[in-house]
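J.: this one's structure only:
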Ligand code: SF4
């Protein structure tokens, strides 16, 4: 059986910043034969509900900054990602929620420090860690036909 890591909100967990979910029945109907391993770095690190964050180019590189007070929230996300991938080896695929600054694979928005949009094709911090480890990754909205 194939082993897929997947953003928990896509499975229906109410772990989004506003305690809603992104349940995707169509996607889930295509995953019946796979073992699904859910993850949510933001819920783990900050709880739910929580303030939103954006990816910003800073002097320290691309970081996730709180939209409430500008706090750099990156480290707890990166620590969760490292521990998750250390624990769950031999993943066949990661399916990330598109556009998330944590889970988006090729679809997260990136801003400069003046909040000007630089790109909408970035990897979120968790997806970036997966790519660093050479794990195949896809945005949920691009999954159709990927496997
Ligand atoms: S996109 Fe990622 S961080 Fe955001 S709610 Fe879904 S699983 Fe959690």
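T.: It's in. This is a predicted model, so every value here is computed, not measured.

J.: center of the chain - which residue?
T.: Nearest to the geometric centre of the chain sits residue 103, at 1.0 Å (CA atoms, centre = their mean).

J.: What's the first helix or strand after the helix-or-strand element of the chain with minimal mean pLDDT?
T.: Using mean pLDDT, DSSP states H and E, the weakest-scoring helix or strand in the chain turns out to be helix 25-29, at a mean of 94. Sequence-wise, the next helix or strand downstream of helix 25-29 (DSSP states H and E) is strand 34-39.

J.: sorry, back to before: separation between the residue nearest to the centre of the chain and residue 131?
T.: For residue 103, the distance to residue 131 equals 12 Å [CB to CB, to the nearest Å]. In short, each C-beta sits where N, CA and C put it, glycine included.

J.: likewise residue 71?
T.: If you go by CB to CB, the gap between residue 71 and residue 131 works out to 25 Å.

J.: Then residue 3?
T.: In terms of CB to CB, residue 3 sits 17 Å off from residue 131.
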